[in-house]
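>>> What follows is a predicted protein model with its sequence.
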Amino acid sequence: MLNNVFVFDIETVPDVDAARRLWDLTNLSDENVAKVMAAKRQQETDGATDFLRHHLQRIVAISAVFRQDDRLSVWSLGEESSTEAELIQRFFEGIERHSPTLVSWNGGGFDLPVLHYRALLHGVAAPRYWETGNDDNAFRYNNYLSRYHWRHIDLMDVLSGYQPRATAPLHDIATLLGFPGKLGMSGKDVWPTFLKGGLREIRHYCETDVLNTWLVYLHFERMRGNVLSSQHAAEIARVRGYLAESGKAHFEEFLAAWPDSDATPA
């Protein structure tokens, strides 16, 4: 059950170009356009939130954990210089090539809708992702689009029993399970970091997010009975070994913040 699994997460910033087209904000800087966008969102929600609607988010990073055969990989798609269209193309090409099980935390509520809008904007084709059984009967009762199918497992959705009042933040669940959670950065920091040219830091942050999600998923699969305790321990050891051998500072920091044993019983 741990073969061909693709855990993903995206990081976004305000799509200031879209705001300029929608509201004729041509004479404002990116930072000021974003402030207008936040103010408009607060007006829409009577001050409840300034979090932008999905179609006004621009993707600047997509990170993944890919578990295939006897290999584990953790990386960010594309390069720092890659365009948004290239990042999205790579994401859907991976699905086209491997048809993996997708795993996310709130991917159904945020990441995938944003990817839909941005793929639409950039003309990115994704026939395997959108397959629902017309060309491949195996996708009729198990596809990426149905909330209650298993080709995409939104852990936040599933663990909450699909009840919005029961959802929890990834950081909290990861920390409760003995994992590092978010280290020194959160979603609210992405836009200020981006404005300062910190795309590398954003990509590293996104990679630690998918690591947390992967580790929570391992616990979930053990709870479901799909992974034995011995297999679970082996996968945890695999992650630790990967991080130790990576030679990357943000992975070493993650490993250093991770206690030697899980908080939950084997």
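Alright, I've got the coordinates.
>>> so what's residue 266 scoring on pLDDT?
Looking at residue 266, its pLDDT reads 44.
>>> can you check residue 259 too?
Confidence for residue 259, expressed as pLDDT, is 86.
>>> So the residue nearest to it when sequence neighbours are not counted versus residue 254, what's the distance?
Nearest residue to residue 259 in three dimensions, chain neighbours excluded: residue 178, at 5.6 Å (C-beta to C-beta, 6 or more residues apart in numbering). C-betas here are computed from N, CA, C, even on glycine. From residue 178 across to residue 254, the span is 13 Å (C-beta to C-beta, to the nearest Å).
>>> the more surrounded of the two?
Using other C-beta atoms under 10 Å as the criterion, residue 178 and residue 254 rank with residue 254 on top: 23 against 16.
>>> Poorly predicted segments of the stretch 101-250 of the chain, please.
Within the stretch 101-250 of the chain, no stretch has pLDDT under 70.
>>> those helices in it, which residues are they?
112-122, 127-130, 155-159, 170-176, 190-195, 199-224, 229-246, 249-256 (DSSP state H, counting those that start in this stretch).
>>> The helix or strand harbouring residue 37: what's the following helix or strand?
Assigning secondary structure by DSSP states H and E places residue 37 in helix 30-44. Per DSSP H and E, the first helix or strand lying C-terminal to helix 30-44 is strand 57-68.
>>> May I see the buried residues of the following helix or strand past that following strand?
Counting by DSSP H and E, the element after strand 57-68 in chain order, helix or strand, is strand 71-76. For strand 71-76, the neighbour count (16 or more other C-beta atoms under 10 Å) marks 72, 74, 76 as buried.
>>> I'd assumed residue 8 was in contact with the second one.
No: look at residue 74 against residue 8 with C-beta atoms under 8 Å: they stay out of range, at 11.3 Å.
>>> Overlap of the contact sets of those two?
Shared contacts of residue 74 and residue 8 (C-beta atoms under 8 Å, 6 or more residues apart in numbering): 63, 64, 210.
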